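*Asks:* quick one, structure for this:
(chains A and B)
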Amino acid sequence: MTRLIPYPVLAGKTTLTVRATRVDDVPLPLAMISAKEAVVALHSVERTDWECARLSIQVDTPHKELAAGTWSDVACLAVLSERRTNARTVTRLREESSGTWTGEVVLYRDLHLDRAELTAQVVARVDGIDGRAIGATDDSWFVDLRERTPVRQKSIKTVWADFGDEHNAKLKPFEGYPWAVEAVGEEPTLYLNRGFEGLEALLRSGRRTDQPARGAIAAQIASEAWTALFNAAVHAVSLEDDRAQWPGGWRESALRRMLPDVYLDRSPDDALAEIVSRQLDRDGDGDLQTRVLHAAAKQARLPRNLGGLIRSVRRAEQEDE
Amino acid sequence: MHEKLVRSLAENFWAAMVSGRQDVPLLEASVEARRDGQVVMAEEKVDPHQYQPARSRALRAYLDGDTVDRLTTTEGVVATTVSLTVPPRKDPERMPSVVHEAKLLVTQAATNDAQPNRLVYMRGPRMVVSTKTVSDIPLGSTPFQAILLAGHATGSREGEADLAERFLRAAEPPEHNDWRPTEDTTAMYARGTKTRLEEFRKAITIAIQDIVRPPVVEVDDTPSVLRDLLKLDSPAPPRNPGYPTIRSADGKPDADGAWRVRVEIRLPDRPDSWLLAPVLRFATRSGARPEVQWAELAAESNCEITPNGNLSIPAGVRTAAFSGVSAVHSHPVAATMAMAEVDLLRVKEGLR
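*Replies:* Sure thing, here's the model as predicted:
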C-alpha cells in the first residue's frame, strides 16, 4: 500500500517526546517514561484508582522547511487514541520556539483500557483549505495502562498455576495436562501446570544437560500456543464491504506474525483475505490447518529445538554402545 | 580549528562558565578566527549549555535553588547530600574530626549523550577534579549525569566546607586529578584518610543508585527458555517479500478532478505469472477505505491489462509499471480533499 497526497507535505521529520507525566497531580518517576522505547508506563505502584494523567510533551518539527514552504496557519496537534475504546483526544500545542511545540495532553482513565497511542500531527492551510495534515510523527509513543516497566515489546502472558487446586476452577478440567492456552478476551494467557510433576523444574533448570529437553518442550508449548492464538484470531476477522478487516490487539499481532509463513507469496492483506475465503468455503479449508501448524512451529522455532533433542538422544545412544 | 577550540573550551571549562540566573559566570569565553587580521569565522561565545547540556543544567538548577527530590521530568535535577568525614588534624591546629555535607546533583542525560552515567567530582571554585563512570547501576535505570560538589564548590567557604576543601586539596596528587592518601594527608591528618574517602565514594554510589533506580517491578514469571518464543509484537516488514509490492507510486489530481497515477511494481522471482488487481482507495482514519473505479488503465512496461481491468504480468519479470486515471463519478469526495492509497491485490480471473 502506497499513499498519494494531492498537496505539498513536509519531507522533514516530526518527533515527539514525553517530558514528564503527572498522575492525579502526583509526578510519575522518570523511570516510568522510556524515551528509548517510547513508552510511558502509567501504572504507578500502589495506585490503581487514578482518574487522569497529564503528559507534558514536546514536538519538534522541521522548522526551516516550514518557514520556506507555502503552508500558512501551521498548527501542531497531539493525538491520543486507543483503537479498543475508540477514544480520540486532540490537543493543540503551542509553539514555544521556532519549530518546537509543547503542551499538556490529558489522558482520562475511563476513556482508555489497555494502551493508548500518542502521535503528533502538523496541520496547515494549503491552497486555501484549512486544517490539512502536512506532517506526522513516524513513530508513535505508547501510554501503557497495564505495564509497570516501560517496555514496548509485548509477549504472551504466562501464568504458573496448580491445575488440580480447587481455587483454579477453570483449570481443573485440564488437571492431567501440562499446559493450557486461553485465547480469549483482552489478553491471551498461557497457563503452565505447577502440579505436573517435573515441568517447572525442567523449564526453570539451568543445567546444560537439560538444555535439549528444555528447548524441545518450550518449543512444543509455544507451538501449541501460537496455533490456538491464530485460530482464535481468525474468528475475530470481520468483513466490511466484502473486505477482511484486521481485528486489532493481540489478534492482529498474532496474525501479522504468522500469515507471512502461512502464505509465503501473499501480502499480509491478501493472506488475510485468503484465510477468510477459505473459512467461508463449503468444501473445507483445504491445506490451511497444515499451513497454520507450520507457521506456529516456525514461531516456536520447533525444528531447531527438536533437532537439538534428537541429536542429544543420538549422542547418548552412541555413548551407551 | 575554530570549532575544536569552542568544543574543548566547553568540555574543560563548562563548570566555570555556568551561572545562576542572577549571577555573572566565573568565566566567559569566545572564539574568533582571523587570518592576517581578517575575520574568517565570526566571534562565537562558548555556551556550556550547548555542549554539556545535562551537567550545565544541573549546576544552574543548584545555583538557582531549582532542584527537586525525585526525577520526574526529563529536565529535573535532583539534589541530595552525601557526608564526608574529615579526619582530625595532626598539626598544631588540632582540629577534631568534622562531617561535611557534600552536594550531589543528578539529572537525566541528553538522549544523544555518548557517555552517560558519569560523575564529575568538583571542589574549590568549581574545579573539576575527575570524571568517572559510575558502575553498578541497576538495570533499567534512567541514563544520567551526576555532579558532586564538595568543599567550597558547595557555595560555602566557611566551617566544615572549608575544612573539607582543605582536606580534599591535600588528598590530591600533583596532577589534581583524584582524591587519595598523599604525603600531605599523612603529614597533616590522623589515620583514616583512605577509609574516609572510600566511605565517601561508596555513599555517593548508593545515593546515585537510589535516585536513578527504576521502581519495583512485577517479576515476569515466564521461564526464560519460553520468553523468546512468545513475543507478540508485530514483525518488521520483510526485506525481500515473497509477493508483489509497490516500489513507487506518483500522481496528482488533474484538471477534471481525477487521480492520474503512475505505479512501479517490484515482483519476487517465481516460475508462475501474476494476476493482480490495482486498487485505488481513498484513505480514511479507520475502518474500510472506499474504493474508487478506474476510468483508464494503461500498461507501461512488462505487463498487460486484461479485459477485466487486472494486470497480467508474465513469469520471470521482476519489475513492471502501469498508469491509471480514476473515474471521477466514483469518488466519495473530491480528489483534492483526501489522500489516496494504491494497492495490489491477488485475483483469480473470473472471480473478480
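*Asks:* which regions of the chain sit below the pLDDT cut-off?
*Replies:* No chain specified, so I'll use chain A. A:43-47, A:147-153 (pLDDT under 70).
*Asks:* actually chain B
*Replies:* Applying pLDDT under 70 to chain B flags the ranges B:93, B:215-220, B:349-352.
*Asks:* so where do the helices sit in chain B?
*Replies:* B:2-17, B:48-51, B:53-64, B:159-170, B:183-188, B:193-212, B:224-227 (DSSP state H).
*Asks:* contact residues of the stretch 51-200 of chain B facing chain A?
*Replies:* Proximity of the stretch 51-200 of chain B to chain A (CB under 8 Å from any CB of the partner chain) is limited to residues B:70-76, B:108, B:111, B:140-142. Where C-beta positions appear, they are placed from N, C-alpha and C, glycine not excepted.
*Asks:* related to what we said a few turns ago, can you put the helices of chain B in JSON lines and add distance to A:Ala20 and mean neighbour count?
*Replies:* As requested, these are exported to JSON lines (distance: least, CB to CB, whole Å; neighbours: other CB atoms under 10 Å in any protein chain shown):
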{"stretch": "helix B:2-17", "distance to A:Ala20": "25", "mean neighbour count": "17"}
{"stretch": "helix B:48-51", "distance to A:Ala20": "20", "mean neighbour count": "17"}
{"stretch": "helix B:53-64", "distance to A:Ala20": "14", "mean neighbour count": "22"}
{"stretch": "helix B:159-170", "distance to A:Ala20": "33", "mean neighbour count": "20"}
{"stretch": "helix B:183-188", "distance to A:Ala20": "44", "mean neighbour count": "15"}
{"stretch": "helix B:193-212", "distance to A:Ala20": "16", "mean neighbour count": "17"}
{"stretch": "helix B:224-227", "distance to A:Ala20": "32", "mean neighbour count": "18"}
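*Asks:* columns distance to B:Leu311 on top of those, output as TSV?
*Replies:* As requested, those are arranged in TSV below (distance: least, CB to CB, whole Å):
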stretch	distance to B:Leu311
helix B:2-17	55
helix B:48-51	55
helix B:53-64	54
helix B:159-170	78
helix B:183-188	85
helix B:193-212	57
helix B:224-227	44
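*Asks:* out of those, flag the one nearest A:Leu309.
*Replies:* helix B:224-227 (12.8 Å; CB to CB).
*Asks:* hmm, the closest one touching chain A?
*Replies:* Yes. Using CB under 8 Å from any CB, helix B:224-227 comes into contact with chain A via B:225-227.
*Asks:* mind checking the helices of chain B for the one nearest to A:Glu104?
*Replies:* Short answer: helix B:53-64, nearest of these by CB to CB, at 21.3 Å.
*Asks:* which strands and helices sit next to the closest one?
*Replies:* Where contact means 3 or more CB pairs under 8 Å, 6 or more residues apart in numbering or on different chains; DSSP states H and E, helix B:53-64 is packed against helix B:2-17, helix B:48-51, strand B:77-86, strand B:98-108, strand B:144-149.
*Asks:* what comes up buried for the third one?
*Replies:* What it means is strand B:77-86. Under the neighbour-count criterion of 16 or more other CB atoms under 10 Å in any protein chain shown, strand B:77-86 has B:77-80, B:82, B:84-86 buried.
*Asks:* where do the strands sit along the stretch 101-250 of chain A?
*Replies:* With DSSP state E, counting those that start in this stretch as the criterion, the stretch 101-250 of chain A has strands at A:115-126, A:129-136, A:141-144, A:157-161, A:179-182, A:189-193, A:238-240, A:243-245.
*Asks:* most tightly packed of the ones you listed?
*Replies:* Comparing the strands of the stretch 101-250 of chain A by mean neighbour count (mean count of other CB atoms under 10 Å in any protein chain shown), strand A:141-144 ranks first with a mean of 24.
*Asks:* thinking again about what came up before, out of the helices of chain B, which is closest to A:Ser72?
*Replies:* Here helix B:48-51 is closest among these (CB to CB), at 31.9 Å.
*Asks:* which residues does the closest one contact?
*Replies:* For helix B:48-51, contacts defined as CB atoms under 8 Å, 6 or more residues apart in numbering or on different chains pick out B:6-7, B:10-11, B:13-15, B:17-18, B:55-57, B:60.
*Asks:* looking at those, which is nearest B:Ser330?
*Replies:* B:Arg57 (57.6 Å).
*Asks:* residue contacts, the residue nearest to that closest one when sequence neighbours are not counted?
*Replies:* Counting by CB to CB, 6 or more residues apart in numbering or on different chains, B:Thr107 is the residue found nearest to B:Arg57 once chain neighbours are left out, at 5.9 Å. Residues in contact with B:Thr107 (CB under 8 Å, 6+ apart) are B:54, B:57-58, B:61, B:71, B:75-78, B:144-146.
*Asks:* about what we covered before: Serialize the strands of the stretch 101-250 of chain A to a markdown table and add fields for distance to B:Lys90.
*Replies:* A markdown table is the format used below for those (distance: least, CB to CB, whole Å):
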| stretch | distance to B:Lys90 |
| --- | --- |
| strand A:115-126 | 63 |
| strand A:129-136 | 70 |
| strand A:141-144 | 60 |
| strand A:157-161 | 63 |
| strand A:179-182 | 72 |
| strand A:189-193 | 67 |
| strand A:238-240 | 85 |
| strand A:243-245 | 83 |
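*Asks:* which one of these lies closest to B:Gly124?
*Replies:* strand A:141-144 (43.4 Å).
*Asks:* tell me how far A:Ala316 lies from chain B.
*Replies:* Separation of A:Ala316 from chain B (CB to the nearest CB, to the nearest Å) stands at 20 Å.
*Asks:* which strand or helix spans that residue?
*Replies:* In the assignment (DSSP states H and E), A:Ala316 maps to helix A:302-320.
*Asks:* which residues touch that helix?
*Replies:* Against helix A:302-320 from outside (CB under 8 Å, 6+ apart): A:211-213, A:215-216, A:218-220, A:222-223, A:297.
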